[in-house]
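**Student:** sequence and predicted structure, then a few things I'm wondering about:
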Amino acid sequence: MNNNTTNKIELPRDLVIPTKLAFNKEIQDEYKFLYMYISFRASTRGYIWYKNEVLAEHIGKHERSIKRGLKALADAKWIKIENRVKKGDLYHQDLRRAIWIYSDYLVALDKGGYGVARPLAFSTWKKRFVSALIDSSKIPLVMHFFPTAQKMGDMGVNYEAESKKLYAYQLNEQKKYETRLLTTNEVEKFYKELYEFYVSQHKTSPAPQIKDFNDFQNHIMKEYIDKEIATVQEKVITINGLGMLMEIDKDNETKLIETDNAVQIWQWLFTHQNEIIRNTK
């Protein structure tokens, strides 16, 4: 750890810790503060690139403490740690660690990586959504479905965890709210309407077909530097900052694709561009 004196970091707003984490007795308090700091720094994009030594210097802890804290938070599903390439780096081999806030990671994952719409299938969505409603300790799921849960409230419907049934709020003759158990048909209709709202949050305009090959290459070089483009012949294809195609093998090692193979892969990518642009991580 760097022992040099560092300037005090002025944070423009308060750090916030979720209640479930604050009262979690299995996670040490210093790790909770680490989560708060990561959450603050990740507020703009959902993740940060900071190394252990930087985090240690910023919050005044030893690197060993940071390492243990990251593991504890990752194991408890409060953060997600991945190795990615920072956009703008010249060499794709220079993988950098990204630390995600787990709820933001779920949103990115559900959207196909970085904004590509891919909502969950109805049965999967319903299972996860109900799971979040039943167990509020699953804070990442609760946060992930927060807009949908808000819509549920706007529709005047509540889920009772104990009975696992849906109830509607309605005004009686005395202008006071009372609850009414939804019928089987009403429940089915409600979930379908709520699912349509959920899907609407993920809709984007379909990517236009790029007819010119050079325009397609320029598009890939500009937009997908730090992302996996596709999997071709069981190898993950990506691109570095110099515009050269790279492949990542099963051992997570990255190497340059030879010219002849690169030409063939470029042609394959161009042919399958709709699928690539929709599913790129």
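**Tutor:** Here it is on my side, so go on.
**Student:** count of neighbours near residue 70?
**Tutor:** 21 (other CB atoms under 10 Å). C-beta coordinates here come from the backbone N, C-alpha and C atoms, glycine included.
**Student:** sorry, that was for residue 167
**Tutor:** Residue 167 has 16 neighbouring residues, counting by other CB under 10 Å.
**Student:** who's in contact with it?
**Tutor:** 157, 158, 159, 160, 179, 180, 181, 182 (CB atoms under 8 Å, 6 or more residues apart in numbering).
**Student:** ok, it to residue 83 distance?
**Tutor:** 46 Å (CB to CB, to the nearest Å).
**Student:** same question for residue 56.
**Tutor:** Distance of residue 56 to residue 83, given as CB to CB: 20 Å.
**Student:** neighbour count: the two, which is higher?
**Tutor:** residue 56 (21 against 9).
**Student:** distance of that one from residue 17?
**Tutor:** 20 Å.
**Student:** ditto for residue 223
**Tutor:** For residue 223, the distance to residue 17 - CB to CB - is 35 Å.
**Student:** now do residue 57
**Tutor:** Distance from residue 57 to residue 17, by CB to CB: 21 Å.
**Student:** now residue 246
**Tutor:** Residue 246 is 39 Å from residue 17, where distance means CB to CB.
**Student:** ok, now residue 125?
**Tutor:** 28 Å.
**Student:** more neighbours: the two, which one.
**Tutor:** More crowded of residue 125 and residue 17, by other CB under 10 Å: residue 125, with 19 against 13.
**Student:** assumed the more buried one was part of a helix.
**Tutor:** Yes: assessed by DSSP: H, G, I helix; E, B strand; the rest coil, residue 125 belongs to a helix.
**Student:** surely it meets residue 198?
**Tutor:** Yes: using CB atoms under 8 Å, residue 125 is in contact with residue 198, at 6.1 Å.
**Student:** just give the closest residue to residue 41, not the sequence neighbours.
**Tutor:** What sits nearest to residue 41 in space, not counting adjacent residues and going by CB to CB, 6 or more residues apart in numbering, is residue 48, at 4.8 Å.
**Student:** got the contact list for the nearest residue to residue 161 once chain neighbours are set aside?
**Tutor:** Of all residues not flanking residue 161 in the chain, residue 134 sits nearest, at 4.7 Å (CB to CB, 6+ apart). Applying CB under 8 Å, 6+ apart, we find residue 134 in contact with 159, 161, 164.
**Student:** for the last one, grab phi and psi.
**Tutor:** Summarising the backbone geometry of residue 164 under the convention degrees, to the nearest 10, its torsions are phi 60, psi 40.
**Student:** how far away is it from residue 261?
**Tutor:** The value you get for residue 164 to residue 261, if CB to CB is used, is 55 Å.
**Student:** next one: the first one
**Tutor:** Distance check for residue 159 against residue 261: by CB to CB, it reads 53 Å.
**Student:** just residue 127 next, same as before
**Tutor:** Note on residue 127: its distance to residue 261, by CB to CB, is 42 Å.
**Student:** right, I'll leave it there.
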